[in-house]
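1. Based on what follows, work out the 3D shape:
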Amino acid sequence: MKYTTSVNGNTYQIEINSAHQITVDGEIFAVDFESVSHQPLYSLLLDGGSHEAYIEYDAEGWQVLHRGDRYTVSVADERMQRLAQLGGLQADAAGREFLLKAPMPGLVVSVPVADGQPVEKGDLLLVLESMKMQNELRAPRAGTVQRIRAQAGQSVEQHALLLALV
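-> Sure thing, here's the model as predicted:
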């Protein structure tokens, strides 16, 4: 699958060839990407160079802190791009409800919240494991958890509805 990735406004075409190889704008790279102790700290080996980054997902997209610099990253696969071009992606006009959807396919590790539970911005809503990495999905704002659609041990597809926050 090919992805269009935007990093602080710069766009890149990325294709995941295998668990240890990617292509970025036509250039092939050997990679190894792992969570460090199941925390939002990640280790990236890229063509022999070692990098560490703190990565979290919020309402603006992926937030990456690397060597003191913060990067806002958005990722869209081919299907998402086609839907957006056809007008198939629309935000809630009233802006009252936040739908937490799986940013990638994976396995739900835990859902530490319950229906009706109030949460604050930054509270942990769900842990999703994908490609041996555990991703902590956090509340982008304060609200109340509603309609939990995922449970621990469940496999989910990218963009699957996990829960709603009102």
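2. Please parse the protein into its domains.
-> Domain assignment for the chain by automatic domain parsing gives 2-78, 91-165.
3. what are the phi and psi values for Lys101?
-> Lys101 adopts backbone torsions of phi -120, psi 150, taken as degrees, to the nearest 10.
4. Could you check how far it is from Ser50?
-> In this structure, Lys101 and Ser50 are 32 Å apart, going by C-beta to C-beta, to the nearest Å. The way it works is simple: take the backbone N, C-alpha and C, and place the C-beta from them, glycine included.
5. Where does the residue nearest the centre of the chain sit: helix, strand or coil?
-> Nearest to the geometric centre of the chain sits Pro103, at 4.1 Å (C-alpha atoms, centre = their mean). Following DSSP: H, G, I helix; E, B strand; the rest coil, the label given to Pro103 is coil.
6. Can you pick out the residue with more neighbours from Lys101 and Ser50?
-> It is Lys101, of Lys101 and Ser50, that has more neighbours when counted by other C-beta atoms under 10 Å, with 15 against 9.
7. The more buried one against Ala160, yeah?
-> Yes. Counting by C-beta atoms under 8 Å, Lys101 does reach Ala160; the two are 6.4 Å apart.
8. hmm, which helix or strand of this protein has the shakiest average pLDDT?
-> One helix or strand of the chain scores below all others by mean pLDDT, DSSP states H and E: helix 78-86, with a mean of 63.
9. Now for the closest residue to Tyr12 other than its chain neighbours: which residues touch it?
-> Spatial nearest neighbour of Tyr12, chain neighbours left out: Thr5 (4.9 Å); criterion: C-beta to C-beta, 6 or more residues apart in numbering. Thr5 makes contacts with 11-14, 73-76, as judged by C-beta atoms under 8 Å, 6 or more residues apart in numbering.
10. Is it possible to mark the buried ones in the residues you listed?
-> Neighbour-count burial (16 or more other C-beta atoms under 10 Å) applied to the contacts of Thr5 gives 14, 73, 75-76.
11. how far away is Thr144 from Val64?
-> The spacing between Thr144 and Val64, counted by C-beta to C-beta, is 29 Å.
12. between these two, who's got more neighbours?
-> Taking neighbours as other C-beta under 10 Å, Thr144 and Val64 compare with Val64 leading, 17 against 13.
13. what sits opposite Val108 in the beta ladder?
-> Assessed by DSSP bridges, Val108 has beta-bridge partners Leu128.
14. pretty sure it is touching Val127, no?
-> Yes. Between Val108 and Val127 there is a contact under C-beta under 8 Å: 7.4 Å.
15. low pLDDT regions in this structure?
-> 59, 79-96 (pLDDT under 70).
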